[in-house]
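A.B. asks: Here is a sequence with its predicted model. Questions after.
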Amino acid sequence: MNQEHAGSNTGAGFSRAGRLSSESFARAQKVFPDGTSRVTIERDPTPLYIDRGMGSYLFDVDGRRFLDLNCNFTTLIHGHAFGPVVEALTHQLQRGSCFANPTESEIELAELLCERIPRIDRVRFVNTGTEAVLFAIKAARAFTGRSKIAKLEGAYHGAYDWVEVSQAATPDNWGDAIQPNSTAFYRGMPASVLDEVVVLRFNDVEGARRLISSNAHDLATVILDPMPSRGGLVAPKPEFITVVQESARKNGILVIADEVLNLRQGFQGASARYGLVPDVITMGKIIGGGLPIGAIGGREDVMKVFDASVGRPLLPQGGTFSANPLSMTAGLAAMRHLDHAAFAHLEILGDIVRGGIGRAISNLGAPLCVTGAASLFRIHPRAEVPSDYREIYPTPAGATLMKELTRFFAENGIVLPYGAAASISTPMTRVDAEFIVDVFAGFLESHQDMLGAIKVRK
């Protein structure tokens, strides 16, 4: 194991929260419903409270250092406290944090996105990825005059009723493979919402063709993430992309590419990488430089639904903090430094990590696999590479193993997200990538009994 990392606060119990984190959590439980402000906070059983971040590292309130593979759910592509972003924000804070009027910074960031990302003629900024998806779907409805949407089973698109349908489907309720059920995400979700969502299985070519065509008269849009994170971070089949596009175009249905997470797959994003030519793209995370942001971009005729220049638009869209200058300046600084060289660096590191993990699995014949692309990877408790959400759904033994994997990484000074995409940031080095592989290999060596308990779901 690389000595530069091996001595960094490792040892038994290091995965557990320290004394100061435990004290903070005790306070938090008195003011938050479950002691946290978002359901995605990981705890074992207490969350780590962070004091600061620097480069590719996090430091918790107990002074322990962790290599960060979460990066706030893939947002921080330049890591923590990135110099150009800090400088841009410091300058802007001295000039004001938000205004009711527009600023030139929003034009500059929009120009960058329009120049860089294919199929983006016009942009509207919002505050979150959820808002970006929400308004993209509303735009599709306003443009087509239809109300239904089609989405992928198990895919995450934020906190909006229609895209939450079948986000957490289980073997008990997801229904037949050729006709997936629309399942509720939370108790009380309106039945009318379920009726307005057509659920597709990722990479099911014939299923996509049939379900899109049979619902064509009511469908406003098909929304898909080119590589759904919670759907397994699995690569799309080219024929699946082709069928979705052809079926949509034939029937006047808009295609929305949700790249809130996967825009980080390349200089032009993920759609360009996989041959998807969407009508609308939703963006967020990396385009804000670590601050809250969302954006809708797309064809000029579709984006015209937001046009209020001659009266009430087909789709009114506002937001007190939309296009606020802090997010705009931070995002502009971050994106300007995401040049071709930066993406090439991320691609190399990603290949080292995925390749090294794959070799470690092969060397021991472990019933695991790794998926992902560019600066993203995800480890699965199954021997064969999955093709969709149903195939990545873990057995109880698999879920237990993955929790132990996250814990083992933490014991060795790495934050590895549980059941989600792990991400690499530009401050990371080849040494960091090799250390990730070393820790994973160490896990395999020390957990042979648990590996033997995994059963692959059929």
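C.D. replies: Ah, there it is.
A.B. asks: Please state the backbone phi and psi of the nearest residue to residue 316 once chain neighbours are set aside?
C.D. replies: Among residues not flanking residue 316 along the chain, residue 308 sits closest, at 7.2 Å (CB to CB, 6 or more residues apart in numbering). Placement of C-beta: from N, CA and C, glycine included. Note on residue 308: its backbone torsions stand at phi -110, psi 20 [degrees, to the nearest 10].
A.B. asks: Tell me how far residue 308 lies from residue 256.
C.D. replies: 22 Å (CB to CB, to the nearest Å).
A.B. asks: what comes up buried for stretch 56-71?
C.D. replies: Within stretch 56-71, the residues that count as buried by 16 or more other CB atoms under 10 Å are 56-62, 64, 66-71.
A.B. asks: average pLDDT across stretch 248-256?
C.D. replies: Stretch 248-256 shows an average pLDDT of 98 in the prediction.
A.B. asks: and the residue nearest to residue 384 when sequence neighbours are not counted, what does it touch?
C.D. replies: With sequence-adjacent residues excluded and distances taken as CB to CB, 6+ apart, residue 384 is closest to residue 369, at 6.6 Å. Neighbouring residues of residue 369 by CB atoms under 8 Å, 6 or more residues apart in numbering: 358, 361, 379, 380, 382, 383, 384, 385, 386.
A.B. asks: Give me the pLDDT value at residue 369.
C.D. replies: 97.
A.B. asks: still on that earlier bit, find the pair from the buried residues of stretch 56-71 with maximum spatial separation.
C.D. replies: Pairwise distances among those were taken by CB to CB; the largest, 21.0 Å, belongs to 62 and 71.
A.B. asks: tell me the contacts of the spatially most central residue of the chain?
C.D. replies: In the chain, the residue lying closest to the centroid (CA atoms, centre = their mean) is residue 261, at 3.6 Å. Going by CB under 8 Å, 6+ apart, residue 261 touches 73, 74, 129, 225, 229, 284, 285, 421.
A.B. asks: State the three-state secondary structure for the fifth one.
C.D. replies: Under DSSP: H, G, I helix; E, B strand; the rest coil, the three-state class of residue 229 is coil.
A.B. asks: Can you check the pLDDT for it?
C.D. replies: For residue 229, the pLDDT comes out at 94.
A.B. asks: what's the closest non-adjacent residue to it?
C.D. replies: Leaving aside its chain neighbours, residue 229 sits nearest to residue 421 (4.3 Å; criterion: CB to CB, 6+ apart).
A.B. asks: Return the distance of the one you found relative to residue 297.
C.D. replies: In this view, residue 421 and residue 297 are 22 Å apart by CB to CB.
A.B. asks: Using neighbour counts, trim the contacts of residue 369 to the buried set.
C.D. replies: Counted by 16+ other CB under 10 Å, the contacts of residue 369 give 358, 361, 379, 380, 382, 386 as buried.
A.B. asks: does the fourth one really touch residue 395, like I thought?
C.D. replies: Okay, so that is residue 380. No - using CB atoms under 8 Å, residue 380 is not in contact with residue 395, being 11.3 Å away.
A.B. asks: quick one on the thing from earlier: now distance to residue 150 and secondary structure too, for the contacts of residue 261, in JSON lines please.
C.D. replies: Output for the contacts of residue 261, formatted as JSON lines (distance: CB to CB, whole Å; DSSP: H, G, I helix; E, B strand; the rest coil):
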{"residue": "73", "distance to residue 150": "25", "secondary structure": "helix"}
{"residue": "74", "distance to residue 150": "25", "secondary structure": "helix"}
{"residue": "129", "distance to residue 150": "19", "secondary structure": "helix"}
{"residue": "225", "distance to residue 150": "13", "secondary structure": "coil"}
{"residue": "229", "distance to residue 150": "19", "secondary structure": "coil"}
{"residue": "284", "distance to residue 150": "21", "secondary structure": "strand"}
{"residue": "285", "distance to residue 150": "24", "secondary structure": "helix"}
{"residue": "421", "distance to residue 150": "23", "secondary structure": "coil"}
